[in-house]
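Q: I'll drop the sequence and a predicted model, then ask my questions.
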Amino acid sequence: MLSHLPILQVVVPMLMAPLVLLIQPARLAWALTLATSAMAFAIAINLVQLTTSDGPMLYPIGGWEAPYGIELQVDGLSALFLLIVSGASTFVLLAGYQSLISEIKESKLNWFFGAWLLALAGLLGIAVSGDAFNIFVFMEIASLASYVLIAGGPNRQALPAVFKYLIMGTIGATFYLIGIGLIYIMTGTLNMSDIATKLPSVVDQTPILVAAGFISIGLALKAAIFPMHAWLPNTYCFAPNMVTAFLAACSTKIAIYVLLRVDFTLFQSNLIGHLIQFKIFLIPLACMAILAGAYMAMRDTLAKKIFAWSSVGQVGYIILGAALVSHSGLTAAFLHSFNHALAKGTIFIGIGLLALQAKSGELSSFAGLGRRHPLAAIAITIAGLSLVGIPGTAGFLSKWLLIQAVFEQPNGVIALLAIVLVSSLMSVVYLARFLETLFFPPAPAGSEPTLPLGATTILVLLALSSIYFGLAPALPMELATQAADTLLGYGK
């Protein structure tokens with residue numbers, strides 16, 4: 001059974017999606033969706049253990065070996081992102097029942113949870129696929145389901161936001177597909193490992209260079225890398241609260257995973273001068289993302305949009321670490337992916353719970369809610385401190401590793417270090433403004449309805465996890481190191 005875990009990782013949520021459509025009442029549909037997501041999370045944990053102890057797992061679909069058949073592949077890199085995606089889905093569903101039923105019409109809940117499972121299956125499929133075209137297929141499954149999730153809430157502003165997301169996402173996916181098509185024309189294969197083997201013989205051909213450009217730009221759009229981030233702030237802001245928590249934790253990171261997987265597997269060692277180009281283009285974009293995201297977060301007045309802009313900056317940190325093209329930089333990037341997913345998921349779950357009693361999405365509507373619900377507000381505070389990088393939190397370790405990786409660079413150390421430190425101070429400003437609104441005004445007048453106890457408990461546990469992984473970072477550090485080893489080809 002263990003040998004079938006790679007295919008079960010995708011098949012379980014995909015097969016359960018249509019079944020959820022038939023389940024009534026809504027609570028039962030939610031329970032089935034949660035159980036399916038928890039099963040995917042358990043499979044991901046097992047795959048992490050197996051790849052750590054036994055190395056990469058290959059699974060040929062239907063027994064047809066690559067490159068003639070479609071192959072699934074789970075290694076240290078993909079296992080990390082399987083854990084992030086399945087964990088985010090499970091904990092958001094676990095904490096978000098009350099929020100979901102308050103935002104989604106009862107008649108649409110079954111369709112909503114079916115789309116949730118399809119999005120989950122698509123994101124997991126991207127991480128396990130060893131076939132370049134199947135990555136596109138799973139990317140489209142995840143994207144189409146995500147459009148349904150974002151537009152499924154009561155906020156009509158989500159419709160123009162999701163339309164922009166649809167246009168940008170379609171362009172990104174099309175660019176990726178064009179690039180893969182050009183590579184197929186030149187190599188005659190779609191299997192990633194087989195492409196890497198055959199690429200050196202045609203690497204000097206113009207279609208390969210064009211393919212590299214199309215794939216890089218397309219995946220940068222999907223990952224919301226500055227300045228191709230325009231779809232992200234409004235999408236996160238106006239989506240249903242728990243959809244925002246789920247997508248903010250994992251969607252851009254999966255796109256970054258594909259970008260790095262394709263680039264390092266196919267182009268870094270084959271295209272002459274590509275490594276330098278990779279640095280020259282991505283380091284400035286990462287720095288601009290870090291500063292622009294923090295600046296816009298300082299200016300915005302919508303609670304969720306503040307942290308949506310923050311995500312633009314946090315993606316910048318991940319890209320900066322990867323663009324250094326060093327083992328320490330990649331380790332910092334992958335560790336920050338894990339830490340950011342944990343922190344940002346916690347923050348958006350907390351905002352979603354407090355939004356049950358806020359009159360609107362404006363920051364002013366959250367005034368005093370921290371006094372009324374101190375546990376939820378303290379959990380948001382801890383997660384926010386992790387985003388800033390305060391010592392003792394998980395976010396501090398990944399930023400510290402990033403700073404160490406910057407010091408290893410021969411040029412631009414002072415400038416990069418200044419950007420990281422200044423942006424951290426800017427993060428303090430927008431976090432302090434949000435927390436000031438929660439704690440300093442008096443609690444709203446009237447009755448004091450309590451937040452769901454189970455959801456609050458999950459929220460507090462997630463916040464404490466940011467402290468735990470900051471003080472005992474062995475697990476995420478091992479996963480990030482293993483992912484960096486995989487990408488750089490160490491231990492092969």
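A: Everything's here; your move. Residues are numbered from 1 along each chain as shown.

Q: Go ahead and name everything in contact with the helix or strand harbouring residue 468.
A: Following DSSP states H and E, one finds residue 468 within helix 453-471. With C-beta atoms under 8 Å, 6 or more residues apart in numbering as the test, helix 453-471 has contacts from 91, 94-99, 338-339, 342-343, 345-346, 349-350, 353, 373, 375-376, 378-380, 382-383, 385-386, 391-397, 475-476. In short, each C-beta sits where N, CA and C put it, glycine included.

Q: Please spell out which residues along the helix or strand following it are buried.
A: The element immediately downstream of helix 453-471 (helix or strand, assigned by DSSP H and E) is helix 474-488. By neighbour count on 16 or more other C-beta atoms under 10 Å, the buried set for helix 474-488 is 476-477, 479-488.

Q: Reformat the residues you listed as TSV; add pLDDT and distance to residue 23.
A: Listed next are these as TSV, based on pLDDT from 0 to 100; distance: C-beta to C-beta, whole Å:
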residue	pLDDT	distance to residue 23
476	92	35
477	93	40
479	92	35
480	93	38
481	93	42
482	92	38
483	91	37
484	92	42
485	91	43
486	88	39
487	88	41
488	87	45
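
Q: Closest to residue 7 out of these?
A: In terms of C-beta to C-beta, no member of the buried residues of helix 474-488 lies closer to residue 7 than residue 486, at 20.4 Å.

Q: Confirm residue 349 sits in a strand?
A: No: under the criterion used here (DSSP: H, G, I helix; E, B strand; the rest coil), residue 349 is helix, not part of a strand.

Q: That one contacts residue 94, correct?
A: No: the pair residue 349 and residue 94 fails to qualify as a contact (C-beta atoms under 8 Å) at a distance of 9.5 Å.

Q: where do the strands sit along the stretch 1-150 of the chain?
A: Using DSSP state E, counting those that start in this stretch, the strands of the stretch 1-150 of the chain run over 57-60, 71-74.

Q: Can I get the last one in CSV, CA atoms only?
A: Taking only C-alpha atoms (Å, rounded to 0.1, in the frame of the first residue of the first chain), the coordinates of strand 71-74 have been written out as CSV:
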residue,chain,number,x,y,z
GLU,A,71,5.2,9.2,-14.0
LEU,A,72,4.5,10.6,-10.5
GLN,A,73,7.5,11.6,-8.5
VAL,A,74,7.8,12.4,-4.8
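
Q: now it, how far from the centre of its chain.
A: 20 Å (C-alpha atoms, centre = their mean, to the nearest Å).

Q: What residues sit buried inside that strand?
A: 71-74.

Q: From residue 133, how far out is residue 177?
A: 8 Å (C-beta to C-beta, to the nearest Å).

Q: Just the pLDDT for residue 447.
A: The model reports residue 447 with a pLDDT of 56.

Q: For the stretch 351-492 of the chain, which residues score under the pLDDT cut-off?
A: Scanning the stretch 351-492 of the chain with the threshold set as pLDDT under 70 gives 445-448, 490-492.

Q: cool, the chain as well?
A: For the chain, counting by pLDDT under 70, the residues that fall below are 1, 445-448, 490-492.

Q: one more time with 50, if that's ok
A: Applying pLDDT under 50 to the chain flags the ranges 491-492.

Q: Let me have the buried residues of strand 71-74 in CSV, extended by distance to residue 362.
A: Converted to CSV, the buried residues of strand 71-74 look like this (distance: C-beta to C-beta, whole Å):
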residue, distance to residue 362
71, 50
72, 46
73, 46
74, 44
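
Q: Let me know the closest of those residues to residue 59.
A: residue 72 (4.1 Å).

Q: Please verify my assumption that that closest one contacts residue 59.
A: Yes: in this structure, residue 72 is within contact of residue 59 by C-beta under 8 Å, at 4.1 Å.

Q: what's the overlap in contacts for the two?
A: In contact with both residue 72 and residue 59: 6-7, 128, using C-beta under 8 Å, 6+ apart.

Q: Derive a ChimeraX selection command for the buried subset of these.
A: Burial among the shared contacts of residue 72 and residue 59 is assessed by 16+ other C-beta under 10 Å; the matching ChimeraX selection reads:
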select :6,128
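
Q: before we move on, the earlier item: which of residue 349 and residue 94 has more neighbours?
A: Neighbours were counted for residue 349 and for residue 94 using other C-beta atoms under 10 Å; residue 349 has more, 33 against 20.

Q: check contacts around that one.
A: 91-92, 95-96, 241-242, 245, 455, 458-459, 462.

Q: Export the residues you listed as TSV, with columns for distance to residue 305 and neighbour count.
A: Below are the contacts of residue 349 laid out as TSV (distance: C-beta to C-beta, whole Å; neighbours: other C-beta atoms under 10 Å):
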residue	distance to residue 305	neighbour count
91	23	25
92	19	30
95	21	26
96	19	26
241	13	26
242	17	27
245	14	30
455	23	22
458	24	22
459	21	28
462	22	24
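
Q: now the helices for the stretch 351-492 of the chain?
A: Under the criterion DSSP state H, counting those that start in this stretch, the stretch 351-492 of the chain carries helices at the ranges 369-372, 374-388, 394-407, 413-439, 453-471, 474-488.

Q: what do you get for the stretch 1-150 of the chain?
A: 5-20, 26-54, 76-95, 97-103, 109-128, 132-151.

Q: what comes up buried for the second one?
A: For helix 26-54, the buried set under the neighbour-count rule, 16+ other C-beta under 10 Å, comprises 26, 29-30, 32-34, 36-41, 43-44, 46-48, 50-51.

Q: now it against helix 76-95, angle please.
A: 160 degrees (axes from the mean of the first three to the mean of the last three C-alpha atoms, to 10 degrees).

Q: how far out from the middle of the chain is stretch 137-146?
A: 14 Å.

Q: Now do the buried residues in it.
A: Applying 16+ other C-beta under 10 Å to stretch 137-146 flags 137-139, 141-143, 145-146 as buried.
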